[in-house]
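Participant: Any chance you could fold what I've pasted below:
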Amino acid sequence: MDAASLFTSAILLAAGVSRRMGTLKALLDWQGRPLIIHQVVSLREAGADEVIVVLGHRADELQARIGVNREVYRLGKVRCVINEDYAQGKTTSIKTGLWALGPSADPDAAILMLNVDQPRSPEIIGRALSAHRNGDGKLITIPTYEGKGGHPIIVSRSLYDELIAIDEQTQGMRAVTERHRDATQRVELGAAELLWDVNTPEQYQAALKALEAG
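Facilitator: Modelled structure (predicted):
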């Protein structure tokens with residue numbers, strides 16, 4: 001298959017309460033705009049053909065922010081879905097996003113997964129997508145920095161039935177990646193941002209400093 005023709009659906013997880021941060025992470029400032037807007041725009045500009053934003057806590061407020069944003073409107077192909085069970089764990093949000101996508105007739109299509117609190121540039125998302133698209137049939141792509149696994153993770157649509165069956169008790173996505181270890185590629189991209197995760201104020205400030213440092 002031509003790598004450039006591989007259809008990619010992105011699931012952006014933004015349903016959580018942000019207890020450790022103390023304020024809603026989706027609305028943190030990132031390069032002059034709310035983090036959730038940054039993430040949506042980055043995913044589309046990087047080459048995701050569609051973005052499913054999974055909301056839960058303060059869903060109406062976030063959906064309204066996305067709906068009136070000019071950058072998002074210009075790019076299009078973004079829709080929000082609500083996970084009513086978000087308090088029961090991240091796997092419920094992943095599955096809500098997957099249900100919104102539904103099975104695909106194209107098993108070579110890809111699903112990209114990213115959390116709203118993992119700020120990523122279009123460039124690094126695009127490089128991760130390119131690695132998957134050129135992965136010689138690998139089912140799962142995990143980008144790494146200095147050997148450590150990062151995000152976004154990209155998964156073949158052929159694994160949809162396994163993905164939709166994940167739960168908290170069986171380690172969620174980890175169970176799928178473990179089953180398909182031989183079909184997983186870990187790709188070193190040399191970008192520290194692959195590991196950024198802004199769960200706490202301290203992590204947020206550290207990521208901002210790293211961003212400013214280039």
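
Participant: Where in the protein is the helix or strand with the lowest mean pLDDT?
Facilitator: helix 173-179 (a mean of 92; mean pLDDT, DSSP states H and E).

Participant: which helices and strands does the following helix or strand past that helix pack with?
Facilitator: Following helix 173-179 in sequence order, the next helix or strand is strand 184-188 (DSSP states H and E). Contacts of strand 184-188 with other secondary structure elements, assessed using 3 or more CB pairs under 8 Å, 6 or more residues apart in numbering; DSSP states H and E, are made with helix 122-133, strand 140-145. Every residue, glycine included, has its C-beta placed from N, CA and C.

Participant: List the contacts of the helix or strand just after the shortest one.
Facilitator: Right, strand 140-145. On the C-terminal side of strand 140-145, the nearest following helix or strand under DSSP H and E is strand 148-149. Around strand 148-149, the neighbours that count as contacts under CB atoms under 8 Å, 6 or more residues apart in numbering are 142, 143, 186, 195.

Participant: Now the buried members of the residues you listed.
Facilitator: Restricting the contacts of strand 148-149 to buried positions leaves 142, 143, 195, with burial counted as 16 or more other CB atoms under 10 Å.

Participant: Format the helices and strands packed on strand 184-188 as CSV; extra columns: mean pLDDT and distance to residue 6.
Facilitator: Converted to CSV, the helices and strands packed on strand 184-188 look like this (pLDDT from 0 to 100; distance: least, CB to CB, whole Å):
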stretch, mean pLDDT, distance to residue 6
helix 122-133, 96, 5
strand 140-145, 98, 11
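
Participant: circling back: buried sites along the least confident helix or strand of the chain?
Facilitator: 173, 175, 176, 177.

Participant: could you measure the closest residue in space to residue 38 that isn't next to it in sequence against residue 49, distance?
Facilitator: On the basis of CB to CB, 6 or more residues apart in numbering, the spatially nearest residue to residue 38 that is not a chain neighbour turns out to be residue 30, at 4.5 Å. Taking CB to CB, to the nearest Å as the criterion, residue 30 is separated from residue 49 by 23 Å.

Participant: try residue 211
Facilitator: Counting by CB to CB, the gap from residue 211 to residue 49 is 27 Å.

Participant: do the same with residue 73
Facilitator: Applying CB to CB, the value for residue 73 to residue 49 is 17 Å.

Participant: ok, the two, which is more surrounded?
Facilitator: Under the criterion of other CB atoms under 10 Å, the comparison of residue 73 against residue 49 puts residue 49 first, with 14 against 11.

Participant: Many thanks, we can stop here.
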